[in-house]
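got a sequence here, can you model it:
(chains A, B, C and D)
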There are 2 protein chains.
Amino acid sequence: MTTRRDAVHDTLRQSEGFRSAQDVYAEMRQHGAKIGLTTVYRALQALADGGHVDVLRTDDGESVYRACETGEHHHHLVCRRCGRTVEVAGPAVERWAETVGTEHGFTEITHTVEVFGTCSSCSRVARPA
Amino acid sequence: MTTRRDAVHDTLRQSEGFRSAQDVYAEMRQHGAKIGLTTVYRALQALADGGHVDVLRTDDGESVYRACETGEHHHHLVCRRCGRTVEVAGPAVERWAETVGTEHGFTEITHTVEVFGTCSSCSRVARPA
DNA sequence: TGCAAAATGAAAATGGTTGTCAAAATCGAC
DNA sequence: GTCGATTTTGACAACCATTTTCATTTTGCA
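From the prediction side, this is the model:
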């Protein structure tokens, strides 16, 4: 009962960066897969719930997904131009978040951290913002 | 030409935490203000563009706004239950983001950092997740 | 005062995402 | 293998925050 979900997962794994549900759907159809948009959404949600893929929101509110190489907690360094993504660890940040939260009497502390930049390839190609 | 915008800004300033455009609109109408939803959206965008308010996205894709006390770069510690928000500085995080980006050959580095938790008042009231 | 430019807002359009529901695939028991 | 029950699927419609449109009102300024 997971053929579809695996197919979605595989498609995601073949991508360098974060992809939207619609992206994944379009790509799968192009490769001849018989799958509906609804199913792609459901598969991505299931994968995200199970911690198999990471989710984040673009500035225009789209959810984008990425197959993580590691199951451990990590953050992302994302190229704002081409979407290429590097997984990075930040023990110092984890500690900082925990400390800051505790200092103000907060409990059950979580955090979101994403770093954006222009990767070396992209900055070589075009300079203007 | 800024009466409306100021009114929106004021409404935002009276709030403890982040508010959605629809929230702000509803509240202004309740207080008798004659303003359209479109204008609220436009005002919030203008304020955000001008750096007068901070924007972030909720998990369900809604944009929420908050009047910052400081114009300087800072992050937020947000209570996930009541929305109460504390502005926090994190010099260590700034440096970390910059370093991590540079190490991987990225330029023009920016970052988003938000910390979530349950504030002391809320954790006293109810325990379950 | 007059008029051009900007602001306003009601209503319609947009678009990603979710809900609905009937058809198809899958599973388990016999 | 077969049959009914359960799950999965996907076309389509519904949702809803946000944006666009556009006609009207207000404002800026000579």
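
report the contact partners of residue A:64.
Counting by CB atoms under 8 Å, 6 or more residues apart in numbering or on different chains, residue A:64 makes contact with A:18, A:19, A:20, A:55, A:56, A:57, A:58. For the C-beta atoms, the positions are set from N, CA and C on the backbone; glycine is no exception.

how many neighbours does the third one have?
In other words, residue A:20. Residue A:20 has 15 neighbouring residues, counting by other CB atoms under 10 Å in any protein chain shown.

returning to what we had before: most surrounded residue in the contacts of residue A:64?
Ranked by neighbour count (other CB under 10 Å), these have residue A:18 at the top, with 24 neighbours.

roughly how far apart are that one and DNA strand D?
Residue A:18 sits 20 Å away from DNA strand D, going by CB to the nearest atom of the strand, to the nearest Å.

number of residues surrounding residue A:93?
22.

looks like it contacts residue A:75 (just checking).
Yes - applying CB atoms under 8 Å, one finds residue A:93 in contact with residue A:75, separated by 7.4 Å.

any part of the helix or strand where residue A:64 lies near DNA strand D?
Secondary structure from DSSP states H and E places residue A:64 in strand A:63-67. No - under the criterion of CB under 7 Å from any atom of the strand, DNA strand D is not reached by strand A:63-67; the shortest gap measures 13.8 Å.

any part of that strand near DNA strand C?
Yes - interface with DNA strand C: strand A:63-67 contributes residue A:63 (CB under 7 Å from any atom of the strand).

common neighbours of residue A:93 and residue A:75, please.
Common contact partners of residue A:93 and residue A:75 (CB under 8 Å, 6+ apart): residue A:113.

of the contacts of residue A:64, closest to chain B?
Among these, residue A:57 lies closest to chain B (CB to the nearest CB), at 4.9 Å.

could you tell me which of the contacts of residue A:64 belong to strands?
A:19, A:20, A:55, A:56, A:57 (DSSP state E).

can I get the residues you listed in a markdown table with distance to residue A:114 and pLDDT?
Shown next, in a markdown table, are those (distance: CB to CB, whole Å; pLDDT from 0 to 100):
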| residue | distance to residue A:114 | pLDDT |
| --- | --- | --- |
| A:19 | 16 | 95 |
| A:20 | 16 | 96 |
| A:55 | 11 | 94 |
| A:56 | 6 | 92 |
| A:57 | 10 | 92 |
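
hey, where'd the helices end up in chain A?
A:3-13, A:21-30, A:37-49, A:91-103, A:120-125 (DSSP state H).

wait, which of those helices is closest to residue B:34?
Of all the helices of chain A, it is helix A:21-30 that lies closest to residue B:34, at 39.3 Å by CB to CB.

so how far is the closest one off the chain centroid?
Relative to its chain's centre, helix A:21-30 lies at 16 Å (CA atoms, centre = their mean, to the nearest Å).

picking up where we left off before, export the ones in strands among the contacts of residue A:64 to TSV and tack on distance to residue A:98?
Shown next, in TSV, are the ones in strands among the contacts of residue A:64 (distance: CB to CB, whole Å):
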residue	distance to residue A:98
A:19	31
A:20	32
A:55	22
A:56	21
A:57	24
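
out of the helices of chain A, nearest to chain B?
With CB to the nearest CB as the criterion, chain B lies closest to helix A:120-125 of those, at 3.7 Å.
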